[in-house]
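Colleague: here is a sequence together with a model predicted from it:
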Amino acid sequence: MTGRRHRLSLRLRITAGALVLVAGALFVAGMVVIGAIDREMTGQIDSALRADADFTERMITRGSGLPMGEGPTDLYVQFVDDTGAVAGAGTAAAGRPSLLAPGQHDDTIVTVSDPELGELRVLATEAPNNPRLTLVLARSSANVTAVGETLTQMLTVSIVAGSCLLGVLVWLGVGRSLRPVEPL
């Protein structure tokens, strides 16, 4: 009876150890992948904001003004003065309070949470032809959060299901491996 308890105890320890190692490795790998996807998606939004800023600056420098009622619906363009008041805005941002983050510096991109618009990536840069104004461009980043949440849920389900399956397989494999050393 003592040998059987010891074998089950060894079997249980091997199974538990394998599960902890594999689940931990899967968790770390999953978090690395989710982080990489988050950075890539955020980088794409930031690149689009920089391209939007360049386009907006060229339009204003040429005297064309902002193309009202055109372009992407998730692009918000504002001109904010030194007091934080909105001095002008594109169509999508008309009537909205300033999207500029407190303490945001020139040529920086930060994430801002707006009560109505949700998560936004916001770029602040000096307005062309008027150094007293800050050009503020913002794009929604809600899809980054949504993808991250979905991936986290998928990772959780995968780790739980995979750990259950692995636990059964390791339990059976260890039992089979220990069978030749059973007392006769």
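Modeller: Alright, I've got the coordinates.
Colleague: so what's the residue nearest to residue 159 when sequence neighbours are not counted up against?
Modeller: Leaving aside its sequence neighbours, residue 159 sits nearest to residue 26 (CB to CB, 6 or more residues apart in numbering; 5.1 Å). For the C-beta atoms, the positions are set from N, CA and C on the backbone; glycine is no exception. Residue 26 makes contacts with 155, 158-159, 162, as judged by CB atoms under 8 Å, 6 or more residues apart in numbering.
Colleague: measure residue 26 to residue 165 for me?
Modeller: Here the criterion is CB to CB, to the nearest Å. By it, residue 26 lies 12 Å from residue 165.
Colleague: do residue 56 as well
Modeller: 53 Å.
Colleague: ok, those two, which is more surrounded?
Modeller: residue 56 (23 against 10; other CB atoms under 10 Å).
Colleague: please identify which helix or strand holds that one.
Modeller: helix 2-61 (DSSP states H and E).
Colleague: buried set for whatever helix or strand comes next after that helix?
Modeller: The helix or strand immediately downstream of helix 2-61 is strand 75-80, counting by DSSP H and E. For strand 75-80, burial by neighbour count (16 or more other CB atoms under 10 Å) applies to 75-80.
Colleague: cool, and stretch 112-119?
Modeller: 112, 117.
Colleague: nearest spatial neighbour of residue 11, skipping sequence neighbours?
Modeller: Nearest non-adjacent residue to residue 11 (CB to CB, 6+ apart): residue 174, at 4.9 Å.
Colleague: now swap in residue 82 and tell me
Modeller: Nearest to residue 82 is residue 132, by CB to CB, 6+ apart, at 6.3 Å.
Colleague: surely that neighbour is in contact with residue 81?
Modeller: Yes - Residue 132 is within contact range of residue 81, at 6.4 Å (criterion: CB atoms under 8 Å).
Colleague: distance between whatever helix or strand residue 138 lives in and the chain's centre?
Modeller: If you go by DSSP H and E, residue 138 is part of strand 134-140. Put simply, strand 134-140 sits 19 Å off its chain's centre (CA atoms, centre = their mean, to the nearest Å).
Colleague: report the angle between the axes of that strand and helix 2-61?
Modeller: 140 degrees (axes from the mean of the first three to the mean of the last three CA atoms, to 10 degrees).
Colleague: next, the buried residues of the helix or strand just after strand 134-140.
Modeller: Under the assignment DSSP H and E, the closest C-terminal helix or strand after strand 134-140 is helix 142-178. Going by neighbour count (16+ other CB under 10 Å), the buried part of helix 142-178 is 144, 151, 155, 159, 163, 166-167, 170-171, 174.
Colleague: do the same with stretch 93-102
Modeller: Applying 16+ other CB under 10 Å to stretch 93-102 flags 93, 98-101 as buried.
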